[in-house]
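> sequence and predicted model, in that order:
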Amino acid sequence: MELRALTALELGAAIQKGEVSVAEATQAALDAIGEQDGTLNSFITVTGERALERAERLQKGVKDAASPLYGVPMALKDNICTKGVKTSCASKILGDFKPPYDATVVEKLAAAGAVSLGKLNMDEFAMGSTSETSYYGPTRNPWDLDRAPGGSSGGAAAAVAAGLGWYAIGSDTGGSIRQPAAYCGITGMKPTYGTVSRYGLIAYASSLDQMGPLCRDAADCAAVLDVLQGRDRRDSTSLEGDYGHLLASLTGDMRGMRIGIPSECFADGLDDEVRRSVLAVADVLKRRGAQLVELSFPVMEYVVPTYYIIAAAEASSNLSRFDGVKYGWRAEGYEDLTDLYHRTRTQGFGLEVKRRILLGTFVLSAGYYDAYYKKALQVKAVIKNAFDQAFTCCDMLLTPVSPTTAPRIGESLSDPLNMYLGDIYTVSVNLAGLPGLSMPCGFDSKGLPIGAQLIGPHFGEGRLLNAAHAFQRDTDYHKRTPKGGKRA
Amino acid sequence: MTWETVIGLETHVELATRTKIFCSCTTAFGGDPNTHCCPVCTGMPGALPVLNKAVLEYAVKAGLALNCQITRYSKFDRKNYFYPDLPKAYQISQLYLPLCRNGKVPIHTQTGNKTIRIHEIHMEEDAGKLVHDPWIDQTRADYNRCGVPLIEIVTEPDFRTADQVIAYLEKLKETLQYLGVSDCKMQEGSLRCDVNLSVRPMGSTEFGTRTEMKNLSSFKAIARAIHYEAKRQIELLEEGKRVVQETRRWDENKDATFAMRSKENAQDYRYFPEPDIPPIELSEEYLDSLRAAQPELAEEKRARYQTQYGLPAYDCRMITSDRVLAGFFEGLVELGTPAKQAANWIMGEVLGALSVKGMEPKDMRLTPGTLSRLIVLVAEGKLNRNTAVKVFEAVFNDDGDVDQYVKDHGLEQVSDAGLVEEAVARVLAANPQSAADFKGGKEKAFGFLVGQTMRELKGKADPKLVNALLRKALSQEG
């Protein structure tokens, strides 16, 4: 059996049936990592020994498996705390930091029988759209090794696309799951804010951060979300609610579903090939019974500045604790306390992180708070309203994930403003706390994957996953694998 | 020119909740460094705060007792600054929507009554402590205190004298202790006070430039710092110089304040709403339930004791000086002890024993039931007062059984006239000189003979009976 061709659910079923052992699956993933990750650089830390030990232990409990993902090897973005395992946020400043505790999602995955292969590369502190700002070097896109996998969960997307694990957990503050999923041709989801506990996620922008799955298809995403979601008393922003059972609700039935197509999201600045592929999704879903609704979403020009003000402001505060005093890396040769802070933070943070800390510090400063931060909060409310308005006449929105396909490595960082503008289709979803799904919907003439985004109202995960599931029944974009990859 | 001193206070009070404000670590004072800590209160990456409901309840109780408006929709904010005792590099506090506003605290001083207005009360977390070890020239951080809940009570600039400040602080301390929301121990830092002070020509309506004084570790220090700082500012102004807006540190040993940092170097704390904690919405029912549960405060008790029991004002003040003591008094009265007797025992024996043992009322094991039994035995003539005090001392520590103790030690009062007569006869026979002295007019000799008779009866005799029978015997001898 070619294990790497299976989805996470297919592998889970094979493990249940005894056709493959947890250890065999784990070893297959570790072999793939050994073979390919020297080039891809999708992992920062591989915990092979731990994974194999755990696989042996899990094998004994196969009969009592509580989850269809029992025994399936996966990996975690390196901003998710893992007890005793280095968690670096791809930053020099965290050094060899080994958290004294597990994130809630790590506990939940462990209870569901997940095998963690290790920690995935990312943009430093999740700040970036290409995974090039990592202190551990850029991750490469398995579809074209000269290109970026997107970011900030670029390691997660590249690893899953290349078959170095069956799924990954990433985090999404402004598109960090959805955009790399699109660039790497996989399915990823940012759930409703408050549905997955943030306890143990090293914060970038607390009011926008949300963890979610990067998978090979929508069904896998549903299965992973069934494990991750739920109220957690350790996270005050996590929500009570009827989370239901997402995997069981995937019917593929789209009858009566109204799909909104905001004209502003298909206007100038969008690559033609991307536009055509994304709009083609609407036709597929229409054939399955969905109705298409043209609508206007008139706030697009405000979303990027609003996002960067709020995210940077929160980041400037969240990242203050990295000061060289308590853990992580400390600069040498300091003269006094202030000098220790200066040297550690100057040398410990990368350029993009420092840029956002400075931006955030500025917008919160006396005299600027009202003009920037407060105004951004007001615009955030306007954006929320615009979505509420849209969802009165449709059940979900269809938009591109990114204006283009994956950029060449080195192309983006020189022009940060342009890079920020690339987030235009994804950041509004975080500002409004909504669920957003990214799925492969075609390839451009360079052979690079194109992603489509589905946006739903709060707790609309089920309908988004069902729409993606319907689309994936009628298409095979999600089954294609990178040319250089060894899947399939 | 005559000058007027204008003072406002910022008082930090540690709340007496069992656990910290955002995690379940203990709030106990002391402990080995960094043993009352977890990922949340040490600000480990990824950890998140969860508000302790008891903190909210205690803060609302304080606000209600200080006659504040309670904010129905309140929020936490982050106050950002770098310091090694603050592991997240921000303090979770409240700036924009504090929990309580517009309070009033009536105070009484020798110069009259006054109402001090409360500007606001907000909740926040305490920071850790830095301990400098001069032997090795190293500073170490102890995060045990990180996350201990605080309320900061900010007054309007309504004080004019140190007396008013002390009266307010005493009232505040008494109120918070009665509510059970804080132990208000200045020496352990659970009540800390910063003093904002300015001076202006008498009659002026504009405020002068103020300074803020920190490091005030006792009420005495606060009074002295106020006198010093007012004098310093007046001297500056009279010399034609100006007061600089700055923070000053009180130096207890030098009896003076010293500049710490001026306003020009003031930090920009870049406050913004805490995204990890949702806004707090309080319902009318919740507030009503807390209002209904507010205990009777010291001032109310004092007034009631005076009218209901006719106790002197002095007694009322003494008994209500501590909530547990007042409860003890009420317990005695409930068991039928006459109020004045209960008050006397508390002011005499109970406070005496506590002071000798260096204990606080809350640590006392003696129950009202035990003391009331003792008082009953005295009233029934079964124990004399002096023996009763001895019994009190014996049962105080472990709330022992009074009747058992009296029985075991044979302390029941001798009220048998025959026994006393026999003892009197023996004493008179043994001390003929004293008997003669008495008859010769030396009243002092009588006291000696009483003492000898009591000794003969091992102190257990009813003193009135001894007196009467001795006089009778002496007159008969004559």
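Right, received. Where do you want to start?

> and for the residue of chain A found nearest chain B, nearest residue in space, chain neighbours not counted?
For chain A, the residue closest to chain B is A:Ser320, as judged by Cβ to the nearest Cβ, at 3.3 Å. Glycine gets a C-beta too; all of them are placed from N, C-alpha and C. For A:Ser320, ignoring the flanking residues on the chain, the nearest one in space by Cβ to Cβ, 6 or more residues apart in numbering or on different chains is B:Ala89 at 3.3 Å.

> run a quick neighbour tally on the one you found.
21 (other Cβ atoms under 10 Å in any protein chain shown).

> pretty sure it contacts A:Arg321?
Yes - counting by Cβ atoms under 8 Å, B:Ala89 touches A:Arg321, with 5.0 Å between them.

> any residues in contact with both of these two?
By Cβ atoms under 8 Å, 6 or more residues apart in numbering or on different chains, B:Ala89 and A:Arg321 have these common neighbours: B:Gly43.

> about what we covered before: what sits against the residue nearest to A:Ser320?
Contacts of B:Ala89 by Cβ under 8 Å, 6+ apart are A:Ser317, A:Ser320, A:Arg321, A:Asp323, B:Gly43, B:Asn80, B:Tyr81, B:Phe82, B:Tyr83.

> show the buried residues in those residues.
A:Ser317, A:Ser320, A:Arg321, A:Asp323, B:Gly43, B:Asn80, B:Phe82, B:Tyr83 (16 or more other Cβ atoms under 10 Å in any protein chain shown).

> before we move on, back to that, adding pLDDT, write the contacts of B:Ala89 out as TSV.
Output for those, formatted as TSV (pLDDT from 0 to 100):
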residue	pLDDT
A:Ser317	98
A:Ser320	98
A:Arg321	98
A:Asp323	96
B:Gly43	96
B:Asn80	97
B:Tyr81	96
B:Phe82	95
B:Tyr83	95
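
> filter those down to the ones in helices?
Among the contacts of B:Ala89, the ones falling in helices (DSSP state H) are A:Ser317.

> which of the contacts of B:Ala89 sits closest to B:Ser198?
B:Tyr81 (25.4 Å; Cβ to Cβ).

> look up how far A:Asp323 lies from that closest one.
From B:Tyr81 over to A:Asp323 the distance is 11 Å, taken as Cβ to Cβ, to the nearest Å.

> now swap in B:Val195 and tell me
B:Val195 is 32 Å from A:Asp323, by Cβ to Cβ.

> what residue ranges in the stretch 251-400 of chain B score low on pLDDT?
Residues of the stretch 251-400 of chain B that meet the criterion pLDDT under 70 lie in B:263-265.

> what residues does it put near chain A?
B:Asp268, B:Arg270, B:Tyr271, B:Phe272, B:Pro275, B:Asp276, B:Ile277, B:Pro278 (Cβ under 8 Å from any Cβ of the partner chain).

> any idea which strand is longest in chain B?
strand B:112-125 (DSSP state E).

> give me the sheet partners of that strand and which way each runs.
Using DSSP bridges, strand B:112-125 pairs in its sheet with strand B:100-109 (antiparallel), strand B:149-155 (antiparallel).

> re earlier: against B:Glu443, how distant is the residue nearest to A:Ser320?
81 Å.

> which ones are touching B:Leu9?
So B:Leu9 contacts B:Ile153, B:Val154, B:Thr155, B:Phe159, B:Val165, B:Tyr168, B:Leu169, B:Cys193, B:Asp194, B:Val195, B:Asn196 (Cβ under 8 Å, 6+ apart).

> in this structure the fifth one contacts B:Arg224, no?
In other words, B:Val165. No - counting by Cβ under 8 Å, B:Val165 does not reach B:Arg224; the two are 11.5 Å apart.

> residue 366: what's it in contact with?
Chain wasn't specified; assuming chain A. B:Asp268, B:Arg270.

> hmm, no, I was thinking of chain B.
B:Val350, B:Val395, B:Phe396, B:Asp399.

> what ranges in chain A fall below the confidence cut-off?
A:484-488.

> tell me the centre residue of it?
A:Ile177 (1.9 Å; Cα atoms, centre = their mean).

> hmm, A:Thr187 and that residue touching each other?
No - between A:Ile177 and A:Thr187 there is no contact under Cβ under 8 Å: 10.0 Å.

> what residues are shared contacts of those two?
Common neighbours of A:Ile177 and A:Thr187 (Cβ under 8 Å, 6+ apart) are A:Leu214, A:Ser438.

> quick one: whichever residue of chain B sits closest to chain A from B:Tyr96, how far?
As assessed by Cβ to the nearest Cβ, chain A sits closest to B:Ala89 within chain B, at 3.3 Å. According to Cβ to Cβ, B:Ala89 and B:Tyr96 sit 20 Å apart.

> same thing with A:Pro138?
Using Cβ to Cβ, A:Pro138 is found at 42 Å from B:Tyr96.

> same question for A:Ser316.
In terms of Cβ to Cβ, A:Ser316 sits 18 Å off from B:Tyr96.

> the two: which has the busier surroundings?
A:Ser316 (23 against 12).

> for the residue lying farthest from the centre of chain A, give me phi and psi.
Within chain A, A:Glu335 marks the point farthest from the mean C-alpha position, 40.9 Å out by Cα atoms, centre = their mean. Note on A:Glu335: its backbone torsions stand at phi -100, psi -40 [degrees, to the nearest 10].

> contacts only, for the residue nearest to the centre of chain A.
A:Ser153, A:Ala156, A:Gly170, A:Ser171, A:Gly188, A:Met189, A:Lys190, A:Gly212, A:Pro213, A:Leu214, A:Ser438.

> regarding the nearest residue to the fifth one once chain neighbours are set aside, what is its secondary structure?
Read it as A:Gly188. Excluding the flanking residues, the one nearest A:Gly188 by Cβ to Cβ, 6+ apart is A:Ala181, at 3.1 Å. Three-state assignment for A:Ala181 (DSSP: H, G, I helix; E, B strand; the rest coil): helix.

> for B:Val13, see how far away A:Ala181 is.
51 Å.

> the more surrounded of the two?
Set side by side, A:Ala181 and B:Val13 show more neighbours around A:Ala181, with 38 against 25, by other Cβ under 10 Å.

> that one and A:Asp217, how far apart?
Applying Cβ to Cβ, one obtains 11 Å for the distance of A:Ala181 from A:Asp217.

> got it, and A:Ile261?
23 Å.

> ok, back up a step: among the contacts of B:Leu366, which are located in helices?
Reading helices off those with DSSP H, I get B:Val395, B:Phe396.

> could the contacts of B:Leu366 go into a markdown table alongside neighbour count?
Formatted as a markdown table, these follow (neighbours: other Cβ atoms under 10 Å in any protein chain shown):
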| residue | neighbour count |
| --- | --- |
| B:Val350 | 23 |
| B:Val395 | 22 |
| B:Phe396 | 22 |
| B:Asp399 | 14 |
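
> closest to A:Asn430 among the contacts of B:Leu366?
Using Cβ to Cβ, the contacts of B:Leu366 come closest to A:Asn430 at B:Asp399, 62.9 Å.

> from what I see, the residue nearest to A:Gly188 and A:Gly451 are in contact.
Yes - counting by Cβ under 8 Å, A:Gly451 is a contact partner of A:Ala181 at 6.3 Å.
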